[in-house]
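Novice: After the sequence you'll find the predicted model.
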Amino acid sequence: MSSFIHETAIVSPNAEIGADCHIGAFSIIGDAVILGDCVHLESHVVIDGITSIGDDTKIFPFVSIGLAPQDLKYGGEATRTAIGKRNHLREFVTVHRGTKGGGGLTKIGDDNLLMAQAHVAHDCHIGNEVIMANAATLAGHVEIADRANIGAYSGIHQFCRIGLEAFVGGYSVVVKDALPFATIQGNHAKCYGLNRVGMRRRGYAKETIEKLHRAYHLLLSAKLNTTQAVEKIKDEITDCAEVDLLVQFIETSKRGVVK
């Protein structure tokens with residue numbers, strides 16, 4: 001099927017446009033851009049740099065993707081932006097390309113929702129089924145695991161990680177790694193324990209939820225330091241992949257974890 005390109009759009013002849021795409025009025029598509037099939041751009045979208053957009057992604061007005069990062073160390077080197085399939089990027093979202101010092105790639109997976117004014121800075125890596133609410137902001141080099149939720153107007157510090165299915169409440173400032181399956185909120189953010197409601201909604205087994213709840217009790221309420229709590233979790237809680245993931249997340253943290 002042929003693609004629709006509005007007469008006011010500026011599309012480089014070198015760009016690769018998939019089947020059945022829609023490029024709305026006053027949009028600009030750069031030389032090294034690749035759009036998959038059924039990508040839908042509303043009006044006034046700008047995509048530049050070495051950027052790929054996956055199939056069935058919908059991008060709303062005034063979104064900017066793949067432009068140079070807001071990093072004074074960036075010297076114009078050829079770096080990339082990669083966005084997967086079935087994403088929704090709402091109005092005024094900005095996604096900047098990577099830097100040489102950060103690995104050269106800003107990456108967004110599949111099935112994500114970035115609400116209006118969300119910002120993804122250079123060298124961030126976002127997994128799948130992530131929700132970033134309005135004006136949520138990622139500084140450079142942030143990693144967001146699958147199915148995490150970043151609340152409106154929250155800011156995530158450089159090099160932080162947000163764990164699997166973590167829930168970061170609105171207006172939070174996160175300066176350490178946010179634990180998987182946890183509820184995180186505040187300025188500076190604190191951990192308020194296991195997101196039990198979210199886990200039940202996701203269909204986790206009752207036994208899994210109880211084991212994670214015990215692990216979080218040891219981390220947050222048992223008057224143990226983090227090292228002591230982790231050792232006690234290893235000794236007491238076995239045969240649970242989610243608890244093992246939590247322990248691994250803590251042990252591999254470089255910034256420390258939100259407690």
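Specialist: Right, received. Where do you want to start?

Novice: Quickly list what residue 173 is bridged to.
Specialist: With DSSP bridges as the criterion, residue 173 is bridged to residue 155, residue 187.

Novice: quick one, domains of this protein?
Specialist: 4-141, 202-251 (automatic domain parsing).

Novice: just those: most buried one?
Specialist: Ranked by mean neighbour count under mean count of other C-beta atoms under 10 Å, these are led by domain 4-141, which reaches a mean of 20. All C-beta spots, glycine's among them, are computed from the backbone N, C-alpha and C.

Novice: how distant is that one from the center of its chain?
Specialist: 13 Å (C-alpha atoms, centre = their mean, to the nearest Å).

Novice: How about the contacts made by the nearest residue to residue 123 once chain neighbours are set aside?
Specialist: Leaving aside its chain neighbours, residue 123 sits nearest to residue 102 (3.1 Å; criterion: C-beta to C-beta, 6 or more residues apart in numbering). Applying C-beta atoms under 8 Å, 6 or more residues apart in numbering, we find residue 102 in contact with 122-123, 140-141.

Novice: Distance-wise, check residue 102 relative to residue 80.
Specialist: 11 Å (C-beta to C-beta, to the nearest Å).

Novice: Could you find the closest non-adjacent residue to residue 90?
Specialist: residue 116 (4.4 Å).

Novice: Phi, psi for the one you found please.
Specialist: Residue 116 adopts backbone torsions of phi -50, psi 140, taken as degrees, to the nearest 10.

Novice: Flag the shaky bits of the stretch 101-250 of the chain, pLDDT-wise.
Specialist: Along the stretch 101-250 of the chain, segments meeting pLDDT under 70 are nowhere present.

Novice: show me the contacts for the closest residue to residue 6 other than its chain neighbours.
Specialist: The shortest distance from residue 6 to any non-neighbouring residue, by C-beta to C-beta, 6+ apart, is to residue 25 (4.4 Å). By C-beta under 8 Å, 6+ apart, the contact set of residue 25 is 6, 8-9, 43-44.
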